[in-house]
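Chemist: sequence below, structure please.
(one chain, ligands or ions: 2)
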Amino acid sequence: MSATAPRPAVVTDFSLVTGLSQAKKPLQRRISAMAGMYADQEAARRLAEEDVLVYEFFDMGVPQSTGEVAYGTSITYPGKVGDEYFMTKGHFHSVLDTAEIYYCLRGRGLMMMENPEGDVQWEEFTPGQGVYVPGRYAHRSINTSPDEPLITFFAFPGHAGHDYGTIESKGFRKIVVERDGAPAVVDNPKWAQ
Ligand SMILES: O=P(O)(O)OC[C@H]1O[C@](O)(CO)[C@@H](O)[C@@H]1O
Ligand SMILES: [Fe+2]
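Modeler: Numbering: from 1, shown residues only. Ligands and ions are numbered 1, 2, ... in the order given. The predicted structure is shown next:
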């Protein structure tokens, strides 16, 4: 297709209240697909028996190429593995220097971020607030609410790609756990240098 050929505009539906889309199928991640990422392996194994749904997201399916804007909604359910809150797998972008914006629609939580040099940052998710993840930072959403889903809208460059391998093998340097009834950011005992 030539660059000047007409392209159709695309209309998609998604609810900014529930995060759900009627037209698109969600990509769902259950505990069994990420059990090894949690610090408490025994608790992860128990939950994997029921294969609890941890999060799902709707990718609106734009072409994965330069100039495009990939976007969708993400829903991380409330829950804990031991005392560690439910979270997404997390990833770097394959094109490392590409950013991403998340906008919190509902719930409460944290965006955990770290770059390959080991700079770690986290920002709170609260409805009405956006978190801009700078290029070069791996990112993971964490739901710290006891009973509400964490619902976000996200957008990133179409050519960014996902690198899951680094986080799968090393983990994030910090994890978020419940301590005395409140979320606390602590060192990840499983972090591998
Ligand atoms: O890709 P992960 O780490 O499983 O987390 C899912 C979220 O991240 C995204 O891949 C966007 O970066 C979304 O599709 C979704 O919101
Ligand atoms: Fe991303």
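Chemist: would you mind listing what in the protein touches ligand 1?
Modeler: 29, 57, 59, 72, 74, 88-91, 100, 154, 156, 162 (Cβ under 6 Å from any ligand atom). Just so you know, the C-beta spots here come from the backbone N, C-alpha and C atoms, and that holds for glycine as well.
Chemist: one more time with 5 Å
Modeler: 57, 74, 88, 89, 90, 91, 154 (Cβ under 5 Å from any ligand atom).
Chemist: from the residues you listed, which two are the most distant?
Modeler: 89 and 154 (14.3 Å; Cβ to Cβ).
Chemist: between those two, which one's more packed in?
Modeler: Set residue 89 next to residue 154 and count neighbours by other Cβ atoms under 10 Å: residue 154 wins out with 21 against 16.
Chemist: so what does the helix or strand harbouring residue 54 touch, helix or strand wise?
Modeler: Under the criterion of DSSP states H and E, residue 54 resides in strand 53-59. Helices and strands touching strand 53-59, by 3 or more Cβ pairs under 8 Å, 6 or more residues apart in numbering; DSSP states H and E, are strand 27-30, strand 69-76.
Chemist: which residues sit in contact with residue 151?
Modeler: 18, 19, 73, 74, 75, 104, 105, 106, 107 (Cβ atoms under 8 Å, 6 or more residues apart in numbering).
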